[in-house]
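J.: Just to be clear, the model below is a prediction. Sequence and coordinates:
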Amino acid sequence: MFNIIYGEFLKLKRSYLIIASIIASIFIPLVQCVMSLSNDYTGISDALKSTLVKDYRTSTELLCFQFLYIIFFAFISGYIFSREFSDKTANVLYSYPFGRIKIFAGKLIAIYLIILFVYICQFAAVYAALYIAWGELPSLSFIITDIKVNLYSMLFQFLIISIPVFIGIITKNIVFPLVYGILAAVSSSFFMAAGGIYLQMSPLMLPSLPIYFFYKGDPIDFILLFTNIIFILSISILFCIYCCKFMDME
């Protein structure tokens, strides 16, 4: 299993996607930092500063979790699971004595590690930007809450990543997972505009639910939440495993 994961990262290194992951993780925090530096916050009260920092963090995370990352992770998933087909090396890869399920698991773990890496870089970049812009860090309780938000959001990203993985396996190219990511990001804007219970009706909105729960105080409909989770687990992941086990690898 380690050799499969290590091999995936060697392929990613040659494609510059590791550098792209770093850029994707720090791009929005960097832009937000530049915008904050253009404003004069001297003399404002601690209460207003706390509100502004919270709004800054909320907007940054929404842009990252629900728009940029959905597109970028869909692109990464499509690349990892369709590269062998586009390079005409799938029959070579699947002739190794690993088993298709183990190869599938190794690729999926590689994607999970990239998601983890992006979230860590994003978190570090945001607080570095906050310190540069404000000259101090938020309270410890705020940081702990933010860690929870990022952790839950990352776990939901792990869950919904099976959708572009499935699309990449079926279509055997990177275009359709990328199209899915773009459409998912666009549809997210409509669900966010609707707000309320409509926000929780789409499985694609799962990564942003922790933001609304912890920062905005919106209640979570656990029936809808578990329905979305079960739907993704029972449909996407099972289909992915079935395709990797039985589909033609030519």
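T.: Done, it's in.

J.: Please report the distance of Phe9 from Thr60.
T.: 28 Å (Cβ to Cβ, to the nearest Å). The way it works is simple: take the backbone N, C-alpha and C, and place the C-beta from them, glycine included.

J.: higher neighbour count, those two?
T.: Shown here are Phe9 and Thr60; by other Cβ atoms under 10 Å, Thr60 has more neighbours (21 against 13).

J.: I'd say the more buried one and Val31 touch.
T.: No: the pair Thr60 / Val31 is not scored as a contact, 9.1 Å apart, by Cβ atoms under 8 Å.

J.: Where do the helices of this structure begin and end?
T.: Under the criterion DSSP state H, the chain contains helices at 2-14, 17-37, 46-63, 69-86, 90-93, 100-134, 140-160, 162-171, 175-194, 209-214, 222-232, 238-246.

J.: quick one, which of those helices is nearest to Met201?
T.: Met201 lies closest to helix 222-232 among the helices of the chain, at 6.3 Å (Cβ to Cβ).

J.: From the rest of the structure, what touches the closest one?
T.: Contacts with helix 222-232, where a contact means Cβ atoms under 8 Å, 6 or more residues apart in numbering, come from Leu159, Ile160, Ser162, Ile163, Ile197, Gln200, Met201, Ser202, Pro203, Leu206, Leu209.

J.: In the protein, where is pLDDT below threshold?
T.: Scanning the chain for pLDDT under 70 picks out 1-4, 6-8, 10, 13, 37-43, 46, 84-100, 195, 237, 240-250.

J.: how close does Cys121 get to Ala20?
T.: Counting by Cβ to Cβ - Cys121 and Ala20 are separated by 12 Å.
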